[in-house]
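> Build me a model from this:
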Amino acid sequence: MTQKTIIKPARSAPAAGPYNHAVRVGDLLFCAGQIPIDPATGELVGGGIQAQTERVLQNIKAILDDQKLTFAHVVKSTVFLTNLADFAGMNEVYARFFTADFPARSTIQVAALPKGASVEIEVVAHY
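Sure, this is the predicted structure:
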């Protein structure tokens with residue numbers, strides 16, 4: 001049986017519930033959905049969709065960095081938006097982090113996200 005390794009990066013904000021930041025199984029890293037929480041304060045960042053997306057992707061980067069991975073290792077992402085009208089603003093920031101060989105992606109509108117966030121992103125990366 002493949003071993004499951006729990007990932008809790010020191011540079012990440014504490015989990016907001018009974019989950020881990022990421023779990024490694026074999027050559028795959030499954031990252032929990034990240035919302036725009038500032039790890040320094042534990043609070044939701046202010047600003048619009050672009051500021052929130054930037055913080056979310058920085059939070060994902062902290063997990064990837066902890067595992068010596070980059071956004072180039074991400075094979076799948078799922079974006080949750082509370083308003084699909086924010087798609088263009090989210091996409092503009094997203095494209096700065098995923099610069100080539102974009103992963104497969106789904107984008108879903110949801111009724112609400114934890115702490116009143118406008119965006120949440122989860123990723124799966126390959127070692």
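
> so where's this structure shaky on pLDDT?
When residues are selected by pLDDT under 70, none of them lie in the chain.

> now the helices for it?
Along the chain, counting by DSSP state H, helices occupy 49-66, 87-97.

> Of all the ones you listed, which one comes closest to residue 81?
Counting by Cβ to Cβ, residue 81 lies closest to helix 87-97 out of these; the figure is 6.4 Å. Where C-beta positions appear, they are placed from N, C-alpha and C, glycine not excepted.

> In terms of secondary structure, what does that closest one contact?
The helices and strands touching helix 87-97, judged by 3 or more Cβ pairs under 8 Å, 6 or more residues apart in numbering; DSSP states H and E, are helix 49-66, strand 74-81.

> show me the contacts for residue 106.
Contacts for residue 106 (Cβ atoms under 8 Å, 6 or more residues apart in numbering) come out as 77, 78, 79.

> what's the spacing between it and residue 80?
9 Å (Cβ to Cβ, to the nearest Å).

> Please apply the same query to residue 115.
13 Å.

> and what of residue 113?
Relative to residue 80, and taking Cβ to Cβ, residue 113 is found at 6 Å.

> any shared contact partners between these two?
With Cβ under 8 Å, 6+ apart, residue 113 and residue 80 have common neighbours 119, 120.

> okay, now residue 97: neighbour count?
Applying other Cβ atoms under 10 Å, we find 19 residues neighbouring residue 97.

> looking at it, it is touching residue 55, isn't it?
No - the criterion here is Cβ atoms under 8 Å, and residue 97 misses it with residue 55 at 11.8 Å.

> any idea how far residue 84 lies from residue 110?
Taking Cβ to Cβ, one finds residue 84 at 10 Å from residue 110.

> out of the helices of the chain, nearest to residue 120?
Closest among these, once you apply Cβ to Cβ, is helix 49-66, at 6.9 Å.

> For that closest one, buried residues please.
Residues 49, 52-64, 66 are the ones in helix 49-66 that count as buried (16 or more other Cβ atoms under 10 Å).
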